[in-house]
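Trainee: one predicted model, sequence on top.
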Amino acid sequence: MLERRLLGNVPWGMVALIIAIALVGLSAVYSTTYAASGLSSLFKKQLVWICLGLIVMFAALVPDYHTVGRYAYVLYALSIFFLILVAIVGRTGMGAQRWLPIGPFAFQPSELAKLSLVLALARYFAEDPKGGGYELRDLLVPGAMVLVPLVLVMKQPDLGTALMLLFTSSLIVVLAGIRFKTVMTVVMIGAVVASAVLFVSPVRSKIWKSLKPYQQKRITAFIDPSSDPLGSGYHATQAKIAVGSGQTTGKGFRKGTQGQMAFLPERHTDFIFAVIAEERGFIGASLLIILYLVLLLTGVDAAKSAKDKLGSLMAGGIVSMLSLYVFINVGMATGILPVVGVPLPLVSYGGTSIVTTFLALGLLLNIQSRRFMLFY
């Protein structure tokens, strides 16, 4: 009886949106990795990851989200363990040590860390409510919870994921409720720090030297891509060429020059949106963004209609995380944001990212499905 009620409450329209976006991504991966010999191994792997992700998503519907919340700290501790492990025995690629080898596959613990942090913070704020809002001293514990994975991810180094952890956790704090004077205090501290970084030469110099060479180049390329169009500014320049050349209706499936002729680096991962814009044009890229917008608005509704604060914060945190993913990735492809290596949810190639995103969406469906159920 409970299973029938649960299935009846599942927002199948949301499920259809998730599958539609995943199919758009699968089509783009097929286009960017197609080989004369037939289907590429990357496409086949992506297909496996999506199928596995769908299984994980529906499996996440079964336990009540309160049960998931009870194990949030365990999941958080497990993700910290994996982050420490990757620092010791992790596989290095593209200048970063981010992956744990598991047979023929590789697991990226930082993807799990993002979701586990959302769940852990949601549980903490749900169990420690403050009627008048949280003060700065109330944020010491959640601040430490954010700082540990943040430092471990920065050491990999992975600036994109570190920013995701910071921004997502900040949005969860806002959703949990924060006093106005606390906001003003944080803003003033931020203004002082920003002023020191921008206008105090010794501080600016020290921070600049602390960055990895490739991070320095990314910042320089963002400020002025034309300063080194064949070096640090190459990714951003080629992405904007791809997006612009698609014009209104696009060049057609597998007919783009930047993607098909490999001028665009990371075309099946970080810059897959640029490939979609080149092949499908403004109309196709806009339709994909509309699909994301409808999906995220449905997630916002799940957060608003959740039966309790735990469900509301879990849903709000997941929506915040996915929104940042989309905004930053599209911003990278169009040149309005620096290149930080953030995948496009459900679309970019990547096993850990795909499965973790499906898991997060499964929890979102879980919360939405139980909004009318009186008993758990």
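Mentor: That came through, no problem. Residues are numbered from 1 along each chain as shown.
Trainee: now do Ala285, the pLDDT please.
Mentor: Note on Ala285: pLDDT of 94.
Trainee: was I right about it contacting Gly246?
Mentor: Yes. Using Cβ atoms under 8 Å, Ala285 is in contact with Gly246, at 7.2 Å. Yep, even glycine has a C-beta here, placed from its N, CA and C like the rest.
Trainee: buried set for the strand ranked longest in the chain?
Mentor: Of all the segments of type strand in the chain, defined by DSSP state E, the longest one is strand 96-102. Neighbour counts over strand 96-102 (16 or more other Cβ atoms under 10 Å) mark Ala96, Gln97, Arg98, Trp99, Leu100 as buried.
Trainee: quick check on the closest residue to the fourth one other than its chain neighbours: phi, psi?
Mentor: Distances taken as Cβ to Cβ, 6 or more residues apart in numbering put Ala106 closest to Trp99, at 4.0 Å, once the chain neighbours are dropped. With angles defined as degrees, to the nearest 10, Ala106 sits at phi -130, psi 140.
Trainee: can you pull the contacts of Ala106?
Mentor: Residues near Ala106 by Cβ atoms under 8 Å, 6 or more residues apart in numbering: Arg91, Trp99, Leu100, Gly351, Thr352.
Trainee: which one of these is nearest Ser323?
Mentor: Comparing the contacts of Ala106 against Ser323 with Cβ to Cβ places Thr352 closest, at 19.8 Å.
Trainee: how many neighbours does the closest one have?
Mentor: Neighbourhood size, Thr352 [other Cβ atoms under 10 Å]: 20.
Trainee: quick check: which ranges of the stretch 51-200 of the chain have low pLDDT?
Mentor: 93-96, 104, 196-200 (pLDDT under 70).
Trainee: show me the strands in it, by range?
Mentor: Secondary structure of the stretch 51-200 of the chain (DSSP state E, counting those that start in this stretch): strands at 91-93, 96-102, 105-107.
Trainee: Throw those into CSV and include distance to Ile272, thanks.
Mentor: Below are these laid out as CSV (distance: least, Cβ to Cβ, whole Å):
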stretch, distance to Ile272
strand 91-93, 18
strand 96-102, 19
strand 105-107, 19
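Trainee: pull up the overlap in contacts between Ala285 and Gly246.
Mentor: Ala277.
Trainee: compare those two and say which is more crowded by neighbours.
Mentor: Taking other Cβ under 10 Å, Ala285 and Gly246 do not tie; Gly246 has more neighbours (25 against 22).
Trainee: Phe105: what's it in contact with?
Mentor: Gly351.
Trainee: in stretch 278-289, what counts as buried?
Mentor: By 16+ other Cβ under 10 Å, the buried positions in stretch 278-289 come out as Glu278, Glu279, Arg280, Gly281, Gly284, Ala285, Leu288.
Trainee: with only the CA atoms kept, save stretch 79-93 in CSV.
Mentor: Output of stretch 79-93 as CSV, limited to C-alpha atoms (Å, rounded to 0.1, in the frame of the first residue of the first chain):
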residue,chain,number,x,y,z
SER,A,79,33.5,11.5,1.9
ILE,A,80,36.2,13.0,4.1
PHE,A,81,37.9,9.6,4.4
PHE,A,82,37.9,9.3,0.6
LEU,A,83,39.3,12.8,0.1
ILE,A,84,42.1,12.0,2.5
LEU,A,85,42.7,8.7,0.7
VAL,A,86,42.8,10.4,-2.7
ALA,A,87,45.5,12.7,-1.3
ILE,A,88,47.6,9.6,-0.4
VAL,A,89,47.0,7.1,-3.2
GLY,A,90,44.9,9.0,-5.7
ARG,A,91,45.6,9.0,-9.4
THR,A,92,46.9,12.2,-11.0
GLY,A,93,45.6,13.6,-14.3
